[in-house]
Each structure stands twice: as structure tokens, then as C-alpha cells.
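S.K.: coordinates for the following, if possible.
(one chain, ligands or ions: 1)
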Amino acid sequence: MRVLELRNVEKTYRLSDNQKFQALKGINVSFGSGELVSIIGESGSGKSTLMNLIGGLDSDFSGELLVAGRNIGNFTERELDIYRKNKIGFVFQSFNLISHLSVLDNVTIAMTLANVSKEERIKRAKEILNDVGLEKHIYKKPNQLSGGQKQRVAIARALINNPEIILADEPTGALDSETTVQVLDIIRDIAEKGKLVIMVTHSERVAAISSRVIEISDGQIIDDKPGVILEENTKLNYISNDGIKKNKQNLSFISAIKLAFLNMKEKKIRNILVSLGASIGIMSVIFLLALGNGVKQYFNDTMSRHVNQLVIEVNMPKNAENNQASENNFRPPMMPMVGEKRPFQQSDIDKLSAINHVTAVEKGFNIISIGSNSLTYGKSNCHLLLVGSISSNITNSNIKEGRLPKNNEIIINEMVARKLDKDVVGKKVTLNILINQHYMHEDFVVSGIYTSGNNDSMSNMEIVMLNYADLESLCKRNNFDFKPTTVYLLTNSDKYTKGIKSKIEELGYMGSTQEMMASMFTEMIDIITYVLAGISGISLVVSAIMILVVLYISVVERTKEIGVLKAIGARRKDVRRIFVSEAFLIGLFSGVIALGLSLLLMFATNLVSNRKFNIDIVIMNSWYAVFGIVVSIVISMISGMMPASKAAKLDPVESLRRE
Ligand SMILES: Nc1ncnc2c1ncn2[C@@H]1O[C@H](COP(=O)(O)OP(=O)(O)OP(=O)(O)O)[C@@H](O)[C@H]1O
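M.R.: Numbering: from 1, shown residues only. You can find the predicted model right below:
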């Protein structure tokens, strides 16, 4: 039966400088099933060129190369891949086994590329390895085999998809005479089973067992003569022309990942180092996010720890047109100044006291400033961040030394005491304060020192407090009216606190200064965290370049392997998929390493912060972990795109020729 026919086939190589070289000059020949053909000829006569055309590795020729009535010169890339995968089996002089795959995996690779199920792959591979006498060696790696065994593995690989045509380029060229005989026996058996076997050879011994010998010289057939007569045989039971379903499916993602993993395992140290290097950037991003989270939580906790739940602070919204402020006004100002705030009118106070479960209303103020307000004691001067009124929020439990202030008295916090004089309690100080463009100075006696708790970040701010009535009369003496900028609503059970707070918001007022400051600081911590995480993210660019370089090196190292994969039917997409999978795995490993390292760093930092401040300053969130791993994978896969597409575009003929 005619399997292959070449009609006037010519091949011209394009050289640089518009030069051309014609390697095949009008080849006319046909081949049938069950033939064992030797192609002989001088070096450079065109034998390999002819094999490449027949094998579908090169479709750039003129004339017709007909397989089952169709010219493969007109095949699309996809059709050529399928043709190589299902119709052709290649056997190379230097075996071209994939070194990091076992004998079994080397044989099944063509079926893996066709996405045949694992059980079926292994069953077929075992049968065929049994046929070539390698059943005991299936788990060995190629470098653990002798030359003859390697070539038998290559033959098994060529036969696995039950192709009609076996192309063997000097199949015994690298073997000694004893193993040459074994391999030739198998090749003859294959032809006797009805396959078309075409061999390129320089060896007379090989030519002598062939059923046909074709001689090529200078790109032309100069002789075509019959050889020995082949007989049908009962060996190689596995090989037959039927029974095996030709698969058009492609390499699955799982198989691609497995192939990538097997290759990475081979270069363990290199891949561990790359993953470790790439993980540093991701680790710093994860760690900084967790640190920002910890600082924020610590801050919020300490801000709310000493708040009396029965006293609810209310402030006027900034620049409110009316009391029914729009939602936009709820955003806390970055630095609220009293001048910017509208004071509470009696109507506001009436409205607030009418809220359900509000038992009393206290007037108050909170003046936050940077630099304008200060407290003077003798020659010492201390700038005040916050001047506030005494409310029911402050109780005797907040007094570390002395007592709550009466008329014309003031309490200071520990920070102010430290800056002025630790013995300032009971002494006269001068409060310098700017309200509504009135700069006022008034003497007060320090009645005590206020504390907001041991771990309270409020203790790092300069705060003084006095009675509302004192400030009101100070303003009156300076000829202007002082209205409360803060109102405290009192209730008798903390179960009403939440409801009262939401009613306050509904009416268009704002919550406590502490809450405002907390959200302001939270916002600042967020900004700082993201900026720092962003800066450390720059190292991700370095990681990306490192992965890119390593994968490029991998492509160069594996050029021949890529050629083999293409020869056995891998599509561009399959090759790309294998390399992208490798990038995916590097990204996954570096993400996991980064997470592990940031957890370690977290434990170490928290150990220190617990010892010093009794808190966990780094708090991990599972989203940061997921984010870190996903970013790592995405960066790695993006870096892997270029090397992967370089690998996919490699020309199979060139790749196979690469030493
Ligand atoms: N890519 C190429 N570009 C230009 N010329 C090429 C290319 N490949 C092969 N040739 C030329 O085509 C001719 C045939 O080469 P081919 O490799 O087919 O010879 P061969 O008969 O297989 O030789 P050998 O027995 O030494 O392997 C040679 O002169 C070679 O230099």
C-alpha cells in the first residue's frame, strides 16, 4: 500500500546576502507500507534535508509530498503538528532522550502531548517497552542506560502513537557492533509488522538488511534498488495498524505543570536560589502590610480603651451649611482647627438632648493645634497639641497625681509635665491660646497630672484640660462670645451608646475628636504602609528580571529538547505552556517562601515588641498571604512570557541540529 509519494520535490535554503542553496533537486519517489528503506549518499548530499521534509519538520519546499493523497506542503501549522504526532515516529542518531524524564516518561511523552489518560499511557508504554526488551528499566533515567538501551527507548518512543512511518537518522551511528545488531533486529521487525521505515545511513551493514536502498547525490536520487525480502513476523505483538485511537487533544495544564516540575527538580539548587531571591521583595511587601495592620490596630485599641461608653462626644461637621450635613461632611478633617468648626448653637443642643436615652448634655471644646497654643511655666514652654474641656469622660481614675481641676485650675498630661517640670502640680502656669483670631494669655494653677493609660499613644501628645466655664469667661473677658465646639451626651447604659451615635450621624453631626484623630492616624498609617510596600515592591522588578534571565538560560539549555518535543508533535502552544508552567511554579515557590519568611519575621518582631511593650505589633491577615502569593505568581508568569514564546517559536530543524 502506498504511504508516501514525492513528486518533483525541491528544497532551496536561503542564505544571507540573497544567496540561495538548492539542497534537493527534483525528487520523485514513492514508499509503501512494510518497506525498510535505507537512504545512502555522501555527506552533504541532502539525506537529512529529505528526512526533515518527510517528517513534517520543514514544509518550505516546492513540488508535492503526498500523504494519504494530501500534500503536506499545504498543511497548516496545526495539521503539521498532528501529522508529526500521529503519523511519524522519529529515531535520532544521538537518541535525544529527555534527561530529566524516566524511561517510562520519555516513552509516554508523545501521548502526554496528546492528553491520553495516565492509565492508558502507562499500559501502552509498558507493552511496547516489553517488546523492545526494556521492561526492567522503566524507572531509570537516560543517563543510567547503555547506548543500545537508549536507542531502544527512542524506538519505543517513536512507536508509541503507532505511526505509519518511522524515520531513523543514523539509528546505529552511536552504537557498537553488538548493540547495532540488536537495534537493527528491532527496526526490521517494525517494518515486517507493516510499517514504513526510512533510515538514513552511512553503514553498509544497515543498508544490507534493508528491503530497498536509495542513493542520493547532490540533491538527486541516482540509484533506487531492491534489497532483502522481508517476511511477516510474530514478534513485536504490540505494534499493529489498528486498535489505537488517534488523539487530537493537546497537552493538559496538569501535564505541563508536571513536566515543568520534573525539569525543575533536575536543577533543584538553581531553582531554590531563584525562588529565594524572588521571594525577598514579596516578603517585604507582606511584612510591611502586616506591620501597618498591627500598628493601626494597636492605635485604634489604645484610642478607644479609655473612652467612657456612657459619654458620647459630638462635634460639628467641618464647614457644614446646616445641621443636616451631607454625608461628605463626615470625612474627618486632616487637622481640625477650632476656627474652621462651626460652634454649637442652642438649637443644636436642644436637638441633641432630644435624642432617646440621652440623660444630660455637657458643653465642651477640643482645640487641636500645631504650634499656636502653648503652656508656659517659668522659662519652660510647651506647645500643646490638644486643649480640651473636662467632661464626664475624665474621671478620678485618669488622675495620676493631684486632682481634677476646679475653677481657674488646669490638668496636664504626663507628656506636658515632662516638658515643663515634674513638680509643676500646684504651681501657676500661663496658658497661651488662639481662638477665633484672639490670642489670649491666662494664668492657671496645675491641679494634677492626667494619664490615659500605660500603653496609650495619647500619652505621646501634649494635652491640657480645663473647665468649660473657665474658657467661656476668658473669652468673655476678651470681648467675644465662646460657643461649645464639642458637646457630650450622657446616657445611663452602654447598650444605648451605639444607637445614640448613629442618631448623631443621622442628624449630621460628627463623633469624638479621639475617633476623628484615630481615623486621621489610621489614614496616615495606611498611606505610609502603602508607600513603603510600594517602595519595597521595586525589588519585585529585580525578581522579575532574575526569573526572566533564568528562564532564558533554560530555553537555551533545552533547545534540543524543544526540537524533540516538536518532532513528536508538540504544538507551539504546548511548548509555551511548559515554560509558562515553570514560571508559575517559580512564582508559587517564591510566594510560599516569602510567606514563610514573613511569618518568621513576624514572630521575631512580635517577640521583641511583646517583651518591650506587651503587644503584637505585626498582625498577619490571610488576605496579605493570598495577595503575596498571587502577586508572586503573576509577576513570575509575566516574566516567563518572553522566554516561553521564544521557546515556542524555535525552529525544530535548527533546534535538533544544535549540539
Ligand atoms: N539550514 C541550512 N541552510 C543552508 N544550507 C543548509 C542548511 N541545512 C543543510 N544545508 C546544506 O544542504 C546540503 C544537504 O544537507 P544535509 O544535511 O541534508 O546533508 P546530509 O546528506 O544529511 O549530510 P550528512 O550525511 O553529513 O548528515 C548541505 O550542503 C548543507 O550544507
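
S.K.: tell me which other helices or strands the longest helix along the chain touches.
M.R.: Ordering each helix of the chain by length in residues (DSSP state H) puts helix 513-557 first. Secondary-structure packing of helix 513-557 (3 or more CB pairs under 8 Å, 6 or more residues apart in numbering; DSSP states H and E): helix 268-305, strand 311-315, strand 366-368, helix 572-613, helix 622-649. Glycine gets a C-beta too; all of them are placed from N, C-alpha and C.

S.K.: can you list those in JSON lines and add mean pLDDT?
M.R.: As requested, the helices and strands packed on helix 513-557 are exported to JSON lines (pLDDT from 0 to 100):
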{"stretch": "helix 268-305", "mean pLDDT": "86"}
{"stretch": "strand 311-315", "mean pLDDT": "85"}
{"stretch": "strand 366-368", "mean pLDDT": "81"}
{"stretch": "helix 572-613", "mean pLDDT": "93"}
{"stretch": "helix 622-649", "mean pLDDT": "92"}
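
S.K.: who wins for proximity to the ligand among the ones you listed?
M.R.: Judged by CB to the nearest ligand atom, the one of those that comes nearest to the ligand is helix 622-649, at 16.4 Å.

S.K.: what angle do helix 572-613 and the closest one make with each other?
M.R.: Counting by axes from the mean of the first three to the mean of the last three CA atoms, to 10 degrees, helix 622-649 lies at 150 degrees to helix 572-613.

S.K.: show me which residues of the stretch 1-150 of the chain sit near the ligand.
M.R.: 13, 15, 21, 23, 41, 43, 44, 45, 46, 47, 48, 49 (CB under 6 Å from any ligand atom).

S.K.: looks like the first one contacts residue 24 (just checking).
M.R.: No - between residue 13 and residue 24 no contact is recorded; they are 9.9 Å apart, counting by CB atoms under 8 Å.

S.K.: and the two? Which one has more around it.
M.R.: Neighbours per residue (other CB atoms under 10 Å) separate residue 13 from residue 24, with residue 24 holding more: 25 against 13.

S.K.: dump the residue contacts of the more buried one.
M.R.: Counting by CB atoms under 8 Å, 6 or more residues apart in numbering, residue 24 touches 9, 10, 11, 46, 49, 50, 53, 61, 219, 220.

S.K.: is residue 210 in contact with residue 168, as I believe?
M.R.: No - look at residue 210 against residue 168 with CB under 8 Å: they stay out of range, at 11.1 Å.

S.K.: anything in contact with each of these two?
M.R.: Common neighbours of residue 210 and residue 168 (criterion: CB under 8 Å, 6+ apart): residue 199.

S.K.: low-scoring stretches of the chain, by residue?
M.R.: Within the chain, the segments meeting pLDDT under 70 span 233-249, 302-307, 318-341, 452-458, 513-518, 658-659.

S.K.: what does it put close to the ligand?
M.R.: Proximity of the chain to the ligand, by CB under 6 Å from any ligand atom, involves residues 13, 15, 21, 23, 41, 43, 44, 45, 46, 47, 48, 49.

S.K.: ok, 8 Å please
M.R.: Residues of the chain lying close to the ligand by CB under 8 Å from any ligand atom are 13-15, 21, 23, 41-52, 169-170, 200, 202, 216, 219, 653-654, 657.

S.K.: ok now stretch 482-496, how far from the chain's centre?
M.R.: Its chain's average C-alpha position is 51 Å from that of stretch 482-496, according to CA atoms, centre = their mean, to the nearest Å.

S.K.: distance of the residue lying farthest from the centre of the chain from residue 623?
M.R.: For the chain, the residue at maximal distance from the C-alpha centroid (CA atoms, centre = their mean) is residue 477, at 67.2 Å. Per CB to CB, to the nearest Å, residue 477 is found 57 Å from residue 623.

S.K.: repeat for residue 284
M.R.: Using CB to CB, residue 284 is found at 17 Å from residue 623.

S.K.: neighbour-wise, which of the two wins?
M.R.: residue 284 (23 against 10).

S.K.: got the contact list for the more buried one?
M.R.: 533, 536, 539.

S.K.: if we go to 6 Å?
M.R.: Contact analysis of residue 284 by CB atoms under 6 Å, 6 or more residues apart in numbering lists residue 536.

S.K.: hey, where'd the strands end up in the stretch 401-550 of the chain?
M.R.: 409-413, 428-435, 438-450, 463-466, 486-490 (DSSP state E, counting those that start in this stretch).

S.K.: and residue 377, which of those is closest to it?
M.R.: strand 428-435 (4.6 Å; CB to CB).

S.K.: list the strands paired with that closest one, with their directions.
M.R.: Paired strands of strand 428-435, with direction, are strand 374-377 (antiparallel), strand 438-450 (antiparallel) (DSSP bridges).

S.K.: count of neighbours near the closest residue to residue 267 other than its chain neighbours?
M.R.: Among residues not flanking residue 267 along the chain, residue 554 sits closest, at 8.0 Å (CB to CB, 6 or more residues apart in numbering). By other CB under 10 Å, the residues close to residue 554 number 22.

S.K.: same deal with residue 642?
M.R.: By other CB under 10 Å, the residues close to residue 642 number 14.

S.K.: which residue packs closest to it, ignoring adjacent ones?
M.R.: Per CB to CB, 6+ apart, closest to residue 642 is residue 548, 6.5 Å.

S.K.: that neighbour against residue 641, yeah?
M.R.: No - judged on CB atoms under 6 Å, residue 548 makes no contact with residue 641 at a distance of 9.1 Å.

S.K.: and the closest residue to residue 582 other than its chain neighbours, how far is that from residue 643?
M.R.: Of all residues not flanking residue 582 in the chain, residue 260 sits nearest, at 4.1 Å (CB to CB, 6+ apart). Distance, residue 260 to residue 643, using CB to CB: 12 Å.

S.K.: try residue 286
M.R.: Taken as CB to CB, the span from residue 286 to residue 643 is 27 Å.

S.K.: could you measure from residue 596 over to residue 25?
M.R.: Residue 596 is 64 Å from residue 25, by CB to CB.

S.K.: how about residue 295?
M.R.: 79 Å.

S.K.: who's more crowded, those two?
M.R.: Shown here are residue 295 and residue 25; by other CB under 10 Å, residue 295 has more neighbours (20 against 15).

S.K.: check contacts around the more buried one.
M.R.: Applying CB under 6 Å, 6+ apart, the residues near residue 295 are residue 525.

S.K.: go again using 8 Å as the cut-off
M.R.: 525, 529, 617.

S.K.: and what of residue 617?
M.R.: Residue 617 touches 291, 294, 295, 298, 605, 606, 609, counting by CB under 8 Å, 6+ apart.

S.K.: the second one against residue 624, yeah?
M.R.: Meaning residue 294. No - applying CB under 8 Å as the test, residue 294 and residue 624 come out as separate, 11.2 Å apart.

S.K.: what about the closest residue in space to residue 570 that isn't next to it in sequence, neighbour count?
M.R.: Spatial nearest neighbour of residue 570, excluding adjacent residues (CB to CB, 6+ apart): residue 113 at 5.2 Å. Residue 113 has 28 neighbours, counted by other CB under 10 Å.

S.K.: and if you look at residue 377?
M.R.: Neighbour count of residue 377, defined by other CB under 10 Å: 19.

S.K.: that one is in contact with residue 419, isn't it?
M.R.: No - look at residue 377 against residue 419 with CB under 8 Å: they stay out of range, at 9.2 Å.

S.K.: distance of residue 473 from the ligand?
M.R.: 101 Å (CB to the nearest ligand atom, to the nearest Å).

S.K.: ok, now residue 376?
M.R.: The gap separating residue 376 from the ligand is 92 Å, by CB to the nearest ligand atom.

S.K.: with residue 204 instead?
M.R.: For residue 204 relative to the ligand (CB to the nearest ligand atom), the value is 15 Å.
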